[in-house]
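Participant: Turn this into a model:
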Amino acid sequence: EQGQRLLIAHIHHSMDYTGVADGELFPVKAGQAAYQKLQATLEEKDRQIELMLTQMPGGMAICLPDEDFTVDWISSSLCKLLGYAGPEEFFAATGGACRATNYVGMLKKALKDSGHGDIPLISLNVVGLEKQSGFKLTMPLAIRAFMAIIYGDVLSRCLYKVRPYEVTKGSADALYEKWRLFLREDMKSISLPNFNKNVRNIVKDFSEFPVLDIKKPRVGLVGEILVKFHPVANNNIIGLLENEGCEVVVPDLMGFFYYICSHGKTKRELLYTTRTKAFAEDAAVKAFRFMERSYRKAVKGTKFGCPGDIYEMRESVRSIVSPGNIAGEGWFLSAEMLELIGEGVPNIVCMQPFACLPNHVTGKGVIGELRRQHPESNIVAVDFDPGASEVNQVNRIKLMLTQAYANAGISRRDVVKVQTDDKYSQLISSGTSV
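Facilitator: Residues are numbered from 1 along each chain as shown. Below is the predicted model of the structure:
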């Protein structure tokens, strides 16, 4: 008590109590000394890490024939410094550089927490995660899988092109559903001639589909593979954009498989790989091209557009990022944005989930350089995560669309017919998130 007043001093610190001098309310000298000691310790650790990375085998130099790139670029000494026994333990604990490698662990935890831990989890990957002895990837199954991916690409490419301009609402989805049901039955038997015929007929049906003669802004979607294609992960961004009067352009899923198999060429140039592995990856690219021949021939020169060649995309992006960026979507993400801009789609939404560091580098990180090289580009980076505000996501997208309409010289009132059940407009008006 002092002068009829009660004074309260609250001190929270981690120094030894003996460091507080008599009469001090805050240990100034002891605090400064502790800070300097901590700073010196951190600087010493930084020097140790830098020394290990520069003097010990590390970085790209330790790529071995029997290891995956994600493991190879981490030295054993660095793993031990971080508390792991070696690269194998580090890889098992972290899943590697790509966020997608953690999905298996997340799904297993979700199954266990919900009382379904006895349900086996099947993962198709090339790094040996979650092997299941009861599941074997046979050649017929692999062929069906890639047929399904190509069917999905051609249907999506055609549907997104005509649906914003349909004369009768729902007619584009009806045509899509007709083909989906037909292909589901047709794929019970593997027939390459039938596959090629179906692809040509899909393109023919959508080419003859009646559309309105109006112009709408075109918006491309790129990003991490899950949020790019899964409507739950991206809050149905395609529905939002189409309801806002846009035509959505989504690069093919097959492009990601081309990108993965093009690593053989990258590793031959910049890293190290065996001839056998490089040959296998190049052979996979050629096999994909063979399966896509009818698809690319059917859409080439049409209003649907044709996907680019993976090696040409790889060369086109050298002025933006190095092809050595092969963690996550890597250079392919930057190349997709360049391809969209070249196809007359300057408006782009770059979507990333939380903690997807590789894509923040080759996605959000290259936007400035893309704008410098292509001033007409109108790109917005949006983070999608369960903890992110959906209202904020929608606001950022709508700001980008405002610029898209202005650049295209189109009046939004002429093309937008907001539906009464549009939950996005309800979110904006209420100011709440879901």
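
Participant: pLDDT at the residue nearest in space to the middle of the chain, what is it?
Facilitator: Among the residues of the chain, the smallest C-alpha distance to the mean C-alpha position (CA atoms, centre = their mean) belongs to E224, namely 0.6 Å. pLDDT, the model's per-residue confidence, is 88 for E224.

Participant: Do you have the strands of this structure handy? List them.
Facilitator: Residue ranges of the strands in the chain, as given by DSSP state E, are 218-223, 247-249, 347-353, 378-384.

Participant: and the gap between the nearest residue to M400 once chain neighbours are set aside and K364?
Facilitator: Spatially, and ignoring its direct neighbours in sequence, M400 is nearest to V380 (4.1 Å; CB to CB, 6 or more residues apart in numbering). The C-beta positions use only the backbone N, C-alpha and C, and glycine is treated the same way. When distances are taken as CB to CB, to the nearest Å, V380 and K364 turn out to be 10 Å apart.

Participant: Next, show the common contact partners of the two.
Facilitator: The overlap between the contact sets of V380 and K364 (CB atoms under 8 Å, 6 or more residues apart in numbering) consists of C350.

Participant: where does the stretch 1-150 of the chain dip in pLDDT?
Facilitator: Low-confidence segments of the stretch 1-150 of the chain, defined by pLDDT under 70, are located at 1-27, 48-76, 78, 82, 87-101, 125-132.

Participant: tally of neighbours for K169?
Facilitator: 10 (other CB atoms under 10 Å).

Participant: Quote the end-to-end distance of stretch 315-325.
Facilitator: End-to-end span of stretch 315-325 (CA to CA, to the nearest Å): 13 Å.

Participant: before we move on, the earlier item: let me see the contact set for the residue nearest to M400.
Facilitator: By CB under 8 Å, 6+ apart, the contact set of V380 is I348, V349, C350, R396, I397, L399, M400.

Participant: Next, the residues that contact stretch 296-311 from outside, please.
Facilitator: So stretch 296-311 is contacted by 153-154, 157-158, 161, 199-200, 202-204, 206-207, 249, 251-252, 254-255, 258-259, 262, 265, 285, 339, 343 (CB under 8 Å, 6+ apart).

Participant: out of those residues, which are buried?
Facilitator: When neighbours are counted using 16 or more other CB atoms under 10 Å, the contacts of stretch 296-311 contain these buried positions: 153-154, 157-158, 161, 199-200, 202-203, 206, 249, 251-252, 254-255, 258-259, 262, 265, 285, 339.

Participant: Bridged to the nearest residue to H360 once chain neighbours are set aside, which residues?
Facilitator: If you skip the residues right next to it in sequence, H360 has Q352 as its closest partner in space, 6.1 Å away by CB to CB, 6+ apart. According to DSSP bridges, the partner residues bridging Q352 are D383.

Participant: residues near Q352, how many?
Facilitator: The burial metric for Q352, expressed as a neighbour count using other CB under 10 Å, is 26.

Participant: G223 versus that one, what's the distance?
Facilitator: Computed with CB to CB, the distance linking Q352 and G223 is 6 Å.

Participant: overlap in contacts of these two?
Facilitator: Counting by CB under 8 Å, 6+ apart, the residues touching both Q352 and G223 are N359, G363.

Participant: what about the closest residue to V167 other than its chain neighbours, distance to I202?
Facilitator: Taking CB to CB, 6+ apart as the measure, V167 lies nearest to P210, with 4.9 Å between them; neighbours along the chain are not counted. With distances taken as CB to CB, P210 is found 17 Å from I202.

Participant: got any ranges where the stretch 251-400 of the chain has weak pLDDT?
Facilitator: Along the stretch 251-400 of the chain, the model assigns pLDDT under 70 to residues 271-273, 355.

Participant: where do the helices sit along it?
Facilitator: Chain-ordered helices for the stretch 251-400 of the chain, with DSSP state H, counting those that start in this stretch as the definition, fall at 254-261, 263-270, 275-291, 293-299, 310-316, 330-342, 357-362, 367-373, 390-408.

Participant: For those helices, state which one has the densest average packing.
Facilitator: Between those, the one whose residues have the most neighbours on average, counting mean count of other CB atoms under 10 Å, is helix 330-342 (a mean of 24).

Participant: If you count contacts, what does it end up packed against?
Facilitator: In terms of contacts (3 or more CB pairs under 8 Å, 6 or more residues apart in numbering; DSSP states H and E), helix 330-342 is packed against strand 218-223, helix 254-261, helix 310-316, strand 347-353, helix 357-362, helix 367-373.

Participant: what about 6 Å?
Facilitator: Under the contact criterion of 3 or more CB pairs under 6 Å, 6 or more residues apart in numbering; DSSP states H and E, the helices and strands touching helix 330-342 comprise strand 218-223, helix 357-362.

Participant: quick one: contacts of the last one?
Facilitator: Pointing back at helix 357-362 there. E224, V321, N325, A327, G328, E329, G330, L333, S334, Q352 (CB atoms under 6 Å, 6 or more residues apart in numbering).

Participant: got it, and the first one?
Facilitator: In this structure, residues lying in contact with strand 218-223 by CB under 6 Å, 6+ apart are 241, 246-250, 333, 336-337, 340, 345, 347-352.

Participant: change it to 7 Å
Facilitator: Contacts with strand 218-223, where a contact means CB atoms under 7 Å, 6 or more residues apart in numbering, come from 228, 237, 241, 246-251, 333, 336-337, 340, 344-345, 347-352, 359, 363, 404.

Participant: That one vs strand 378-384, what angle?
Facilitator: Inter-element angle recorded for strand 218-223 and strand 378-384: 40 degrees (by axes from the mean of the first three to the mean of the last three CA atoms, to 10 degrees).

Participant: Using PDB, list the CA coordinates for strand 218-223.
Facilitator: What follows is the C-alpha trace of strand 218-223 in PDB, where atoms were taken according to Å, rounded to 0.1, in the frame of the first residue of the first chain:
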ATOM      1  CA  ARG A 218     -12.600 -17.000 -68.000                       C
ATOM      2  CA  VAL A 219     -11.000 -18.000 -64.600                       C
ATOM      3  CA  GLY A 220      -8.400 -20.700 -64.200                       C
ATOM      4  CA  LEU A 221      -7.900 -22.900 -61.200                       C
ATOM      5  CA  VAL A 222      -4.500 -24.200 -60.100                       C
ATOM      6  CA  GLY A 223      -3.100 -25.400 -56.800                       C
END
